[in-house]
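# Fold the following, please.
(3 chains)
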Amino acid sequence: MLRRTFFGLTTALVAVIATGSVAMAEGKTYFWISHGSPADPVWTYFLDGANRWAADTGNTVNTSFHSGDVPSHQEAVRAAIATGANGIVSSSPDPGSLVEVVAEAVAAGIPIINMNTPDPTADFDAYVGSDLEVVGAGWAQYLVDKGLVESGDFVWMPVEVPGATYGVQEEAGISSVFTPLNITWEVTDATLDQAEIITRMSDYLTANRDKVDAIIGLGDLVTGSVPRVFEQVGIAAGEIPVVGWGNSLDTTQGVLNGYINAAQWQDPQATSYVALSLASMQAGGTPAAFDVITGALYEKDTAQVYDDIMSGK
Amino acid sequence: MAEELIRMVNITKYYGRVRALDRVNLTVNRGEVVGLLGDNGAGKSTLIKVLSGAVPTTGGEIHIKGRQIEMNGTSDAIANGIETIYQDSALVTQLSIARNLFLGREPVRGGRFFDRLDLPMMERVASDLLKQVGISKNIPPSTPISALSGGERQAVAIARAMHFDSDLIILDEPTNNLGVAETQGVLQFVRRARDTGHSCIFIAHNIHHVFQVVDRIAVMRLGTVVADDIDPRKSSVEAVERIITGMDH
Amino acid sequence: METQNLAKRLFSRPEAGPAILLALLIVTFAAINPAFLSVLNISNTLAFTVELGLIALAMTLLMTAGEFDLSVGAVFGLTPVLMWSLFNSDLTSLAGGFVIAVAIAALIGVVNGWFVTALKIPSFLVTLGMLLVARGTALYITDGFPQRTWSAEGEWLASMLVGDVRFGPLRLYMSLFWFVTVAVLLHYVLTGTRTGNWILAVGGNASAAAARGIRVGRVKVGLFVLSAVLSGFAGIISSIRTSAANPNSGTGYELEVIAMVVIGGTSLLGGRGTIIGTILGIFILRLMRNGIVMIGVPGLAYNIFIGAIILGMMALHSWLDRRNQSGG
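Sure, this is the predicted structure:
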């Protein structure tokens, strides 16, 4: 009986090793970790880019979403390290939240690339994405340059999740332009629930319509809701200038229909794709020692391009 | 001669391996009050639960008015004229007297689809019953039960049983938490129920209460009936106590 | 003498507290910003209020019977996602998708009810688990993509559910009509029917109800189904009105709805319920959110105010309750 057990175990062991090495020969495993919500329309394009990269290169990409939950996000990075990932690509839920786990990845010799939300305090190998402070400043500057706001004006800035990295950094950039010009602003909380967003934004505009000189949508959901909110409150397209994120069909349509003056394209698919490529490059021996900055502000004349990308044409 | 109302034949009940009832045979005739006595664990509660449809038997038959009846739930018992008054009176304290009275048998009017409560009728009947039952001064039938004392609640429960013309009213330790005056009120009730043609099974710990009101006493011990036609006029409390505890041999 | 008695009777009703609070809120907010009572503001408030309101109406009956349903928000999100997925992939007509989606919501109610009544697991836990299952299902079948609902233009079902009518500057949605209908119906059921008596009894003293022959299990399962169906229905209405069937919609609604029901006077322990009270509770919570924006409370401090007002209201509630008990 002992002999049969021994024989059985050996066969099993051989089988496992065999399949293991076959799997290894087929491609490497990368981890793509997002702090976003799986139902957030923006993130679906980022995910799309990661999936395309996996299909194009034949590698496996394990993706996960953590909806802003920092401990859960940190766990995921640690899990990737523990299973010996070939490379990790990760966004940042909060500034400074990933310092430790990034250090662990670096110590383990695993390439770890920061995407979408930059966090210079952590020792990532490289960053791919927008520079949110530059983006925010760009929006503020756009409003000023086009004569849409002037000294003494008031700008309303709705955001889905107050306090999260993206809003905070964008506001810092906006502040750098508005403060010297004596332009004031207010950030308000809209939540991630579409119906609630429309309700809260409508309430705010109903109360403060005369006060608001311009609107900056700090996220895609709030910016994309502007047409519906204007319609509910009875504000005509273009009556109040609007600038903000533009990574959804709601926002491209909003720009095309005149509700939104300009919107920011984050190049979500490209961000994922390039970040994974950098990780792969470093895994193969070439250090990824530079950042890649993405993003473009589009207006009515070019909005159709992005609309087509997102409609899958 | 006494006409037989309920006959339990060889009723047995097992809870898992524990035998709670062992071939119990008990008869209740029309218009009589039977006192059911026994120590803790003798099986009184279980027997009552079987008779009121709350638990199924493991074996044995129940005959009501000469016919064997299948008991599958409390609504079967109620449909066959058996009403049970529990210690907590099975009353919903937040609901009014009228609604409690008709709980489970609400009168409706209008088409079947609407099942609209006939509240005016309910309140009228409740009002009458309250007067009959002698419950204090002018409590409107829409008063919640929470406004009544313990004795008054038992009175409502018994009045409910009598109103629905049940053949058998089972009273499970009805005087347990009542004061002296209220206890007398309940006992008075039981006599009136008998006098108006209802039979009763009366379970109590307090043998003296039982002696005051029953026509016949049955005693249970260890899951079976050990005596079932003790005449309270011819026996004494001490004698019955000895039977209960098994010290009569 | 007569009026004193009438006043006393009115004050001892459980709806008295919320009615006073609602009146206070309206008067205070309107005084600080008259635009609070503007036609536009009223139109906007009514739009969203009735969707949450439908869920609250069902929750009132369920809580009166002594149970909770925490999965309502998830069902609110899942049901429209199902309908629109079916329609957008050309598998059914919009009406067909509607029927199937609502049927699945009803099934969820049956499952909730079965776990609670047959397996005797507390409803809090059962519906919490169902919340996760429903939410996860919505995310999984959509792959995260929200369903497009723009193609609802011109569909008869859409107009019937969410068409809007303008009376001058006042804009009313059809959903208001549905809400009023359901409210009247459920109020009648709870106060004037045999079923309503059963619901009250089941929540007040389930064993007494069972002893009187009431089918406690059936009553509860029926109410879980009602809760799921109305949540799904509300979700569908919302998806058409906001042009978005987002799998994440409805997150957190369950607690908001329970707060509305409790503030309105329905007991957390069961046995006592009031639809009128719930309607008051719905408006109190929604007008509160709307009002603090209208009076200019700093954006990030909203929740402080809302929490404080809720606590204040519960204190007033309990004071009024105690006054009534002591025969005040």
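# wait, residue B:145 sits on residue B:95?
Yes. Counting by CB atoms under 8 Å, residue B:145 does reach residue B:95; the two are 6.5 Å apart. C-betas here are computed from N, CA, C, even on glycine.
# any idea which helix or strand carries residue A:63?
strand A:60-65 (DSSP states H and E).
# Give me the spatial nearest neighbour of residue C:61, chain neighbours excluded.
Among residues not flanking residue C:61 along the chain, residue C:223 sits closest, at 5.5 Å (CB to CB, 6 or more residues apart in numbering or on different chains).
# go on, residue C:64?
Using CB to CB, 6+ apart, the closest residue to residue C:64 is residue C:273 (3.0 Å).
# Surely residue B:141 and residue B:127 touch.
Yes. Assessed by CB under 8 Å, residue B:141 is found in contact with residue B:127 at 5.1 Å.
# Tell me, how many residues neighbour the closest residue to residue C:28 other than its chain neighbours?
Nearest non-adjacent residue to residue C:28, counting by CB to CB, 6+ apart: residue C:291, 7.8 Å away. Neighbours of residue C:291 under the rule other CB atoms under 10 Å in any protein chain shown: 24.
# Equivalent analysis for the one 5 residues further on, please.
With neighbours defined by other CB under 10 Å, the count for residue C:296 comes to 14.
# Can you give me every residue that contacts the residue nearest to it when sequence neighbours are not counted?
Closest residue in space to residue C:296, ignoring its immediate chain neighbours: residue A:207 at 6.9 Å, by CB to CB, 6+ apart. By CB atoms under 8 Å, 6 or more residues apart in numbering or on different chains, the residues touching residue A:207 are C:33, C:35, C:293, C:294, C:295, C:296.
# In PyMOL, how would I select the buried members of those residues?
Only the buried entries of the contacts of residue A:207 go into this PyMOL selection, using 16 or more other CB atoms under 10 Å in any protein chain shown:
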select buried, chain C and resi 33+35+293+294+295
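# show me where chain B has strands.
Using DSSP state E, the strands of chain B run over residues B:4-15, B:18-29, B:33-38, B:59-64, B:67-69, B:82-85, B:108-109, B:116-117, B:168-172, B:199-203, B:216-221, B:224-230.
# Dump those into a markdown table; add mean pLDDT, distance to residue A:114 and mean neighbour count as well.
Output for the strands of chain B, formatted as a markdown table (pLDDT from 0 to 100; distance: least, CB to CB, whole Å; neighbours: other CB atoms under 10 Å in any protein chain shown):
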| stretch | mean pLDDT | distance to residue A:114 | mean neighbour count |
| --- | --- | --- | --- |
| strand B:4-15 | 90 | 66 | 18 |
| strand B:18-29 | 90 | 68 | 18 |
| strand B:33-38 | 90 | 79 | 25 |
| strand B:59-64 | 90 | 75 | 17 |
| strand B:67-69 | 89 | 78 | 12 |
| strand B:82-85 | 87 | 73 | 26 |
| strand B:108-109 | 82 | 70 | 14 |
| strand B:116-117 | 86 | 67 | 20 |
| strand B:168-172 | 89 | 73 | 25 |
| strand B:199-203 | 90 | 78 | 24 |
| strand B:216-221 | 90 | 80 | 22 |
| strand B:224-230 | 85 | 81 | 16 |
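# Including distance to residue C:19, could those go into CSV?
Shown next, in CSV, are these (distance: least, CB to CB, whole Å):
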stretch, distance to residue C:19
strand B:4-15, 52
strand B:18-29, 54
strand B:33-38, 52
strand B:59-64, 53
strand B:67-69, 52
strand B:82-85, 40
strand B:108-109, 31
strand B:116-117, 25
strand B:168-172, 44
strand B:199-203, 49
strand B:216-221, 57
strand B:224-230, 60
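# Which of these sits closest to chain A?
strand B:116-117 (36.7 Å; CB to the nearest CB).
# on that earlier part again, so the residue nearest to residue C:61 is in which element?
Using DSSP H and E, residue C:223 falls in helix C:216-241.
# For that helix, which helices and strands make contact with it?
helix C:39-64, helix C:72-88, helix C:94-117, helix C:156-162, helix C:174-192, helix C:194-204, helix C:206-211 (3 or more CB pairs under 8 Å, 6 or more residues apart in numbering or on different chains; DSSP states H and E).
# Highest mean neighbour count across those, which stretch is it?
helix C:72-88 (a mean of 28; mean count of other CB atoms under 10 Å in any protein chain shown).
# quick one: the helices in chain B?
Along chain B, counting by DSSP state H, helices occupy B:44-51, B:74-79, B:97-101, B:119-133, B:150-163, B:180-195, B:207-213, B:237-245.
# Pick the most deeply packed of those.
helix B:97-101 (a mean of 27).
# and it, how far out from the chain's middle?
Relative to its chain's centre, helix B:97-101 lies at 18 Å (CA atoms, centre = their mean, to the nearest Å).
# again, but for stretch B:153-168
That offset, for stretch B:153-168, works out to 9 Å (CA atoms, centre = their mean).
# where does residue 224 land on pLDDT?
No chain in the question, so chain A it is. Per-residue pLDDT puts residue A:224 at 94.
# hmm, I had chain C in mind actually
For residue C:224, pLDDT reads 98.
# For burial, what's the neighbour tally of it?
Neighbour number of residue C:224 under other CB under 10 Å is 30.
# check contacts around the residue nearest to it when sequence neighbours are not counted.
Once flanking residues are discounted, residue C:224 sits nearest to residue C:113: 3.8 Å by CB to CB, 6+ apart. Neighbouring residues of residue C:113 by CB under 8 Å, 6+ apart: C:217, C:220, C:221, C:222, C:223, C:224, C:225.
# how about residue B:30, phi and psi?
phi -60, psi 140 (degrees, to the nearest 10).
# Show the average pLDDT along the helix or strand where residue A:202 lies.
In this structure, residue A:202 sits in helix A:194-208 according to DSSP H and E. Helix A:194-208 carries an average pLDDT of 92.
# Next: stretch A:114-134.
91.
# chain center to it, what's the gap?
11 Å.
# With stretch C:189-196 instead?
Worked out by CA atoms, centre = their mean, stretch C:189-196 lies 19 Å from the chain centre.
# Under a three-state scheme, what state does residue A:179 occupy?
helix (DSSP: H, G, I helix; E, B strand; the rest coil).
# how close does the residue nearest to residue C:297 when sequence neighbours are not counted sit to chain B?
With sequence-adjacent residues excluded and distances taken as CB to CB, 6+ apart, residue C:297 is closest to residue C:305, at 5.6 Å. Distance of residue C:305 to chain B, given as CB to the nearest CB, to the nearest Å: 34 Å.
# ok, and for the strand or helix carrying residue C:313, which residues are buried?
According to DSSP H and E, residue C:313 maps onto helix C:302-325. Neighbour-count burial for helix C:302-325, with 16+ other CB under 10 Å as criterion, is recorded at C:302, C:305, C:306, C:309, C:310, C:313, C:317, C:320, C:324.
# count of neighbours near residue C:168?
Around residue C:168 there are 6 residues (other CB under 10 Å).
# scratch that, residue B:3
Neighbours of residue B:3 (other CB under 10 Å): 10.
# what's near enough to touch it?
Contacts of residue B:3 (CB under 8 Å, 6+ apart): B:29, B:30.
# Do you know the pLDDT at it?
83.
# now it: how far from residue B:233?
22 Å (CB to CB, to the nearest Å).
# Tell me how far the closest residue to chain B within the stretch 51-200 of chain C lies from residue C:61.
Nearest to chain B, among the residues of the stretch 51-200 of chain C, is residue C:194, at 4.2 Å (CB to the nearest CB). Per CB to CB, residue C:194 is found 14 Å from residue C:61.
# could you point out where chain B is predicted with low confidence?
In the predicted model, chain B carries pLDDT under 70 at residues B:1-2, B:111-114, B:133-137, B:248-249.
# center of it, which residue is that?
Chain B has residue B:170 as the residue nearest its centroid, 1.6 Å off, counting by CA atoms, centre = their mean.
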